[in-house]
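Q: Let me see the structure of the following:
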Amino acid sequence: MIKNKKQFPASVFIVLILILVNAVALKDGFTGSGKSYWVLAFSLPLLLLAIINIQQKKHAILRNFPLIGYLRYFFESIRPEIRQYFIESDLDGKPFNRRQRSIVYQRAKNEKQTVAFGMQADPNAQGFEWVAHSVYPIQLKEGELRVWIGNHLCQQPYHSSIYNIGAMSYGALSKTAITALNEGAKLGNFAHNTGEGGISEYHLKGGDLIWQIGTGYFGCRNEEGRFDPLSFRKNALRPQVKMIELKLSQGAKPGHGGILPALKNTPEIAAIRQVKAGTTIHSPANHAEFDTPEGLIQFLQLLRELSDGKPVGFKICIGDRQEFIDICHAIKSSGCIPDFISVDGGEGGTGAAPLEFTDHLGMPLYEALGFVKQTLEEFQLATHIKVLAAGKIITGFDILKALSLGASACYSARGMMFALGCIQALICDSGKCPVGVATQNPALYKGLDPTDKGVRVFNYHLNTIKATKEMMEACGFSDVQKIHTSKFFRRIDQQTIRSFEEIYFKKIKGYKKQKDFQSQLN
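A: Residues are numbered from 1 along each chain as shown. Next comes the predicted model:
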């Protein structure tokens, strides 16, 4: 038998080499001119570091390779930047590719927004989408594309832009970022969703607000964390607050409460949220004020009354479809009809969420929109309830797709972050956002100038609405209500093309019971 030769450990070899180098340097230092002491200044600390790493048991790489092992951690730390700047093509990159990010930057800066030499996408690839243009383009009237939100039960309907700032809380975002977003909303006359973190002074720069209330009831809670009607009414009656949105779930982490890392929970933010500063805040997964569809509708009606009739609605990421059908049944039975429903797709973003929730929970946006539209029509609620869509909507084509599937207006959160200067560093929950958007570090957020970035948010919205209008004209859509799924197509495979009408909608003849309706949808 051949015996295995014992291998000499690299760590021991490195230590012996360093001991030899230090010994030679010491000898030369005593017998020579003393210049070898400069060698000791570098070699001796390296020897001590190598010995420490060999003795520690936490990192196997450093124990086996006490010095060069650090190269692994260095290259790992800059891996996202290397990939983004040197390896990715314009169509690679997640969750947004370079082409998507670039169009936002260009529109925000009011720079050239055209592309040269033709499409980079492969029109023969599975999943490629397009919309049918008309040989007879039309000319739409000047002005923004807007929609009224508020049914016959609403006393203060809101004339909303079809494209608004999605939910991002102060705490997740910096004070300068929130200020810039609100100032941009004011300049462009569109709405700014506060996120569930409450209303701060930085939300009150003149832009219209959609006040979002989550399970933590931040801004309208008592000492026990339960809903407080008086606190709610105080904020709801602010003239800047145009609509009230109750968050049931969000796409990036459905069934999981929001997370505010302790690093971002400053005394100022804690005061706004009425929580303890310097602690990680986990919003509950569920609401304490209701646990049934009927309870949800009653609570929404309470919010409507306390806000003196402002539009009220709820935000949901579709999971169990039967639960949404049950909610529609409760609406129909009670006669208390919400003014809007915000549908968040499973591809939605967040600053912090468990990987499994982000990647594997929640219905994708366009499937959800098709289901919600179909269900509301079946319950004869579609004319009373507007649908708002959220989930990777950053271009005019994205907006048109959502409108075709039943949305009346759209949200964008990450698109607006790109307009602020976000570089998709993917470290939103670390407090180290390099451009000052998602951080509470003054050294970082002071680099974001709200006045300049507010104009960029305004520009991005203006130019995206313009692009949407131009696409509508090219396709012959005279009104947002006439954008139809039959004009949108997707390549299923090399031989199969289907319209959105075929993909997302199924014919439902009617229902007798909720279970019958569910079986037809399946």
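Q: Neighbours of the nearest residue to residue 326 once chain neighbours are set aside, how many?
A: Counting by C-beta to C-beta, 6 or more residues apart in numbering, residue 326 lies nearest to residue 293, which is 4.7 Å off, once chain neighbours are set aside. Where you see a C-beta, it was placed from the backbone N, CA and C, and this is true even at glycine. Residue 293: 19 surrounding residues under other C-beta atoms under 10 Å.
Q: Now do the contacts for residue 293.
A: Residue 293 makes contacts with 323, 326, 327, 329, 330, as judged by C-beta atoms under 8 Å, 6 or more residues apart in numbering.
Q: rerun that using 6 Å as the cut-off
A: 326, 327, 330 (C-beta atoms under 6 Å, 6 or more residues apart in numbering).
Q: Let me see the confidence value for it.
A: Model confidence at residue 293, given as pLDDT, is 96.
Q: if we can go back for a sec, check the contacts of residue 293 against residue 142 and report the nearest one.
A: The nearest member of the contacts of residue 293 to residue 142, counting by C-beta to C-beta, is residue 327 at 39.4 Å.
Q: Phi first, then psi, for the closest residue to residue 84 other than its chain neighbours.
A: Nearest residue to residue 84, sequence neighbours excluded (C-beta to C-beta, 6+ apart): residue 93, at 6.6 Å. Torsion angles at residue 93 (phi, psi; degrees, to the nearest 10) stand at phi 90, psi 140.
Q: So residue 93 versus residue 423, what's the distance?
A: 11 Å (C-beta to C-beta, to the nearest Å).
Q: For residue 311, which residues are in contact?
A: For residue 311, the contact set (C-beta under 6 Å, 6+ apart) comprises 149, 150, 154, 158, 243, 339.
Q: Need the pLDDT of the closest residue to the last one other than its chain neighbours.
A: Pointing back at residue 339 there. Nearest-residue entry for residue 339: residue 311, 3.8 Å, with adjacent residues in sequence omitted and distances by C-beta to C-beta, 6+ apart. Per-residue confidence (pLDDT) for residue 311: 98.
Q: Okay, residue 311 and residue 352: tell me how far apart.
A: Note on residue 311: its distance to residue 352, by C-beta to C-beta, is 30 Å.
Q: Ok, residue 130 next?
A: 36 Å.
Q: Neighbour count: these two, which is higher?
A: Higher neighbour count among residue 130 and residue 352: residue 352, with 18 against 14, using other C-beta under 10 Å.
Q: longest single helix anywhere in the protein?
A: Scanning the chain for the longest helix, with DSSP state H as the assignment, gives helix 450-475.
Q: average pLDDT for that one?
A: On average, the pLDDT along helix 450-475 is 96.
Q: So residue 486 versus residue 388, what's the distance?
A: Taking C-beta to C-beta, one finds residue 486 at 23 Å from residue 388.
Q: More neighbours: the two, which one.
A: For residue 486 versus residue 388, neighbours defined as other C-beta under 10 Å are more numerous around residue 388 (28 against 12).
Q: I'd assumed residue 409 was in contact with that one.
A: Yes. Between residue 388 and residue 409 there is a contact at 5.1 Å, judged by C-beta atoms under 6 Å.
Q: Which parts of this protein belong to which domain?
A: 10-77, 146-413+478-521 (automatic domain parsing).
Q: Most tightly packed of those?
A: Of these, the one with the most neighbours on average (mean count of other C-beta atoms under 10 Å) is domain 146-413+478-521, at a mean of 20.
Q: Leaving aside the residues adjacent along the chain, what's closest to the most centrally placed residue in the chain?
A: The centroid of the chain falls nearest to residue 349 when counting by C-alpha atoms, centre = their mean (2.7 Å). Using C-beta to C-beta, 6+ apart and skipping the chain neighbours, the partner closest in space to residue 349 is residue 414 (4.9 Å).
Q: How much space separates that neighbour from residue 220?
A: 27 Å.
Q: ditto for residue 280
A: Taken as C-beta to C-beta, the span from residue 280 to residue 220 is 22 Å.
Q: the helices in the stretch 401-522 of the chain, which residues?
A: Applying DSSP state H, counting those that start in this stretch to the stretch 401-522 of the chain gives helices spanning 414-420, 442-445, 450-475, 500-504, 514-521.
Q: With respect to burial, which of those scores highest?
A: helix 414-420 comes out most buried of these by mean count of other C-beta under 10 Å, with a mean of 28.
Q: Packing partners of that one?
A: Judged by 3 or more C-beta pairs under 6 Å, 6 or more residues apart in numbering; DSSP states H and E, the packing partners of helix 414-420 are helix 98-108, helix 450-475.
Q: Select, out of these, the one closest to residue 359.
A: Among those, if distance is taken as C-beta to C-beta, the winner is helix 98-108, at 19.6 Å.
Q: For that closest one, which helices and strands make contact with it?
A: helix 414-420, helix 450-475.
Q: Would you mind pulling the contact partners of the shortest one?
A: I take that to be helix 414-420. 101, 104, 108, 165, 177, 180, 349, 394, 437, 453, 456-457, 460.
Q: picking up where we left off before, in which helix or strand would I find the residue nearest to the centre of the chain?
A: Element membership for residue 349 (DSSP states H and E) is empty, with no helix or strand holding it.
Q: how far away is it from residue 411?
A: On the measure of C-beta to C-beta, residue 349 and residue 411 end up 11 Å apart.
Q: now for the longest helix of the chain, which elements pack on it?
A: For helix 450-475, the contact count by 3+ C-beta pairs under 6 Å, 6+ apart identifies helix 98-108, helix 175-188, helix 396-404, helix 414-420 as packing neighbours.
Q: Go through these and name the closest to residue 11.
A: Closest of those to residue 11 is helix 98-108, at 41.7 Å (criterion: C-beta to C-beta).
Q: And the strands in the stretch 51-200 of the chain?
A: 129-131, 146-149, 158-161, 163-165, 191-193 (DSSP state E, counting those that start in this stretch).
Q: packing partners for the last one?
A: Secondary structure elements in contact with strand 191-193, counted by 3+ C-beta pairs under 6 Å, 6+ apart, are strand 163-165, helix 175-188, strand 208-213.
Q: can you put these in a markdown table and add distance to residue 358 and mean pLDDT?
A: Listed next are those as a markdown table, based on distance: least, C-beta to C-beta, whole Å; pLDDT from 0 to 100:
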| stretch | distance to residue 358 | mean pLDDT |
| --- | --- | --- |
| strand 163-165 | 21 | 97 |
| helix 175-188 | 22 | 97 |
| strand 208-213 | 20 | 97 |
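Q: Can you check which of those gets nearest to residue 51?
A: Proximity to residue 51 (C-beta to C-beta) singles out helix 175-188 among the helices and strands packed on strand 191-193, at 46.2 Å.
Q: Mind listing residues that contact the closest one?
A: Residues outside helix 175-188 that contact it (C-beta under 6 Å, 6+ apart): 165, 170, 192, 202-203, 205-207, 420, 437, 445, 448, 450, 453-454, 457-458, 461-462.
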